[in-house]
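**Q** Task: produce atomic coordinates for the following.
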Amino acid sequence: MNEWSRNWARFLIAGILLMFSASLISCRGDPYAEGQEMINKGNYNGAAEFFKKKLEKRPDDAMLHNEYGFALMKLHLNKQAQEEYLEAIRLQPEYPEAHFNLGTTLYRLGQNREAVKEFKAAIEQRPSYTEAYNRMGLAYYHDGKFQKAIENFKQAIQMNPANPTYKDNLEKVIRMDEIADKKTTEFFKQDPAVEKPK
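**A** Residues are numbered from 1 along each chain as shown. Next up, the predicted model:
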């Protein structure tokens, strides 16, 4: 066999090994991909079962707890989702997605002050987390803190001006703030014995 033939054979063998390695990797795959694909297709029950089974083998995997929590949240099992996010954060405190998801779950449970803390933690860990500003604005809005909601919606818009949801949220809270100011003013006009707060 001449030198050219030997080099060609080495090249073919290397190519075959590379293809075999790639197919082996795709068979083993990303431990999260199948469950994430189920979530993307709206199969939340399937995703929850998938992540639950994975957690039996890998109970110390923060990302699996976060993904399992997300599937549970999509199933409106917010208390169970909350437990999974807390475990993900316990395992990996610097995990902005888990803080964000926990904040979202707390918001859904009506625990707006606690939700704000988690959104702040997500933003501390990733200052560019635009959606965390938006959700924090929603939590403030539902807690009646319109000015803080406005600040957060403005920050989200500044970071992502193309997102119409952020603009809609800002417009809604500005209207509510104006209505609240008007009602407060009317209340104090009706009863002059009550001093208006300064």
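
**Q** Next, count neighbours for Glu178.
**A** Counted by other CB atoms under 10 Å, the residues lying close to Glu178 total 11. C-beta coordinates here come from the backbone N, C-alpha and C atoms, glycine included.

**Q** before we move on, what about Tyr140?
**A** Look at Tyr140: counted by other CB under 10 Å, it has 24 neighbours.

**Q** Repeat that for Gln80.
**A** Using other CB under 10 Å, Gln80 is surrounded by 16 other residues.

**Q** Report the spatially closest residue to it, excluding sequence-adjacent ones.
**A** Excluding its sequence neighbours, the residue lying closest to Gln80 (CB to CB, 6 or more residues apart in numbering) is Leu72, at 4.8 Å.

**Q** While we're on Phe11, how confident is the model there?
**A** pLDDT for Phe11: 52.

**Q** After the helix or strand hosting the residue nearest to Gln80, which helix or strand is next? Please name it.
**A** Counting by DSSP states H and E, the secondary-structure element that holds Leu72 is helix 62-74. Remark: after helix 62-74, the chain's next helix or strand is helix 78-91, criterion DSSP H and E.

**Q** Name the residues that touch that next one?
**A** Defining contact as CB atoms under 8 Å, 6 or more residues apart in numbering, one finds that helix 78-91 is touched by 60-63, 65-66, 68-70, 72-73, 95, 98-99, 101-102, 105-106, 108-109.

**Q** what about the nearest residue to Asn169 once chain neighbours are set aside, helix or strand, and which?
**A** Using CB to CB, 6+ apart and skipping residues adjacent in sequence, the residue nearest Asn169 is Phe153, 5.1 Å away. Take DSSP H and E as the rule and Phe153 turns out to sit in helix 146-159.

**Q** Flag every buried residue along that helix.
**A** Applying a neighbour-count criterion of 16 or more other CB atoms under 10 Å, the buried positions in helix 146-159 are Phe146, Lys148, Ala149, Ile150, Asn152, Phe153, Gln155, Ala156, Ile157, Met159.

**Q** quick one, what contacts the second one?
**A** Lys148 makes contact with Gly137, Tyr140, according to CB under 8 Å, 6+ apart.

**Q** if you set the cut-off to 10 Å instead, what comes out?
**A** Taking CB atoms under 10 Å, 6 or more residues apart in numbering as the contact definition, Lys148 lies against Val116, Met136, Gly137, Ala139, Tyr140, Tyr141, Val173.

**Q** Give me the pLDDT for the fourth one.
**A** Right, Ala139. 97.

**Q** mind starting the numbering at 22 from now?
**A** Shifting the count to begin at 22 puts that one at Ala160.

**Q** ok, it touching Thr126?
**A** No. Taking contact to mean CB atoms under 10 Å, the distance of 11.6 Å between Ala160 and Thr126 leaves them out of contact.

**Q** Give the residues shared as contacts by these two.
**A** Gln132, Glu135, Ala136, Glu139.
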